[in-house]
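J.: Predicted structure and sequence below. I'll ask about it afterward.
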Amino acid sequence: MANRILRAARTAAFALLGAGAVCVAETPPGDCTKQGFPTPARVEFVQECMMKSGGEIGNLYQCSCAIDWIAKEVSYDDFVEWETFARNASMAGERGGVFRDTDEAKKEGKQYRDLESEAYQACGVRLRK
């Protein structure tokens, strides 16, 4: 199973890197970066999404759709900030407090979770339980 997931992740990475090259080759300078999501960030998101939804290569398209949907909704800077708060909210001790205890931390973590949920729903991503 682990080998199948690894192969699926590699395939996803190559597909998205190829998509990034198409964007660079077929669009005027700056248009790909207007969406602001660098290819490595897109690949990382898709790989994580695929793992959450069962690790099947068939999830590549839904997960790619989800990151594209997110890129149309928010800037990359907002995405990174919100994701940072959401991911680190469960960090134990004082260090994690900055990511979970303030009103801003709660708001930004919620914004990311809501955004991700909407993207998954819009693109038909079904999370594994």
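T.: Ah, there it is.
J.: give me every residue that touches Asn88.
T.: Residues near Asn88 by CB atoms under 8 Å, 6 or more residues apart in numbering: 96, 99-100. Glycine gets a C-beta too; all of them are placed from N, C-alpha and C.
J.: now swap in Phe99 and tell me
T.: 84-85, 88-89, 91, 105, 109.
J.: of all those, which comes closest to Pro38?
T.: Nearest to Pro38 out of those is Thr84 (CB to CB; 15.9 Å).
J.: Need the pLDDT of that closest one.
T.: Looking at Thr84, its pLDDT stands at 88.
J.: From the chain's centroid, how far away is stretch 111-122?
T.: How far stretch 111-122 lies from its chain's middle: 10 Å, per CA atoms, centre = their mean, to the nearest Å.
J.: what about the residue of the chain positioned farthest from its centre, distance to Asp101?
T.: In terms of distance from the mean C-alpha position of the chain, Glu94 ranks first, at 27.1 Å (CA atoms, centre = their mean). From Glu94 over to Asp101 the distance is 10 Å, taken as CB to CB, to the nearest Å.
J.: circling back to that earlier point, and the contacts of Phe99, which of them are buried?
T.: Neighbour-count burial (16 or more other CB atoms under 10 Å) is assigned, among the contacts of Phe99, to 85, 89, 105, 109.
J.: closest to Cys123 among these?
T.: Gly109 (21.7 Å).
J.: so the residue nearest to the spatial centre of the chain is in which element?
T.: Centroid-nearest residue in the chain: Phe45, 3.1 Å away (criterion: CA atoms, centre = their mean). Taking DSSP states H and E as the definition, one finds Phe45 inside helix 39-52.
J.: what's that helix packed up against?
T.: helix 2-26, helix 60-73 (3 or more CB pairs under 8 Å, 6 or more residues apart in numbering; DSSP states H and E).
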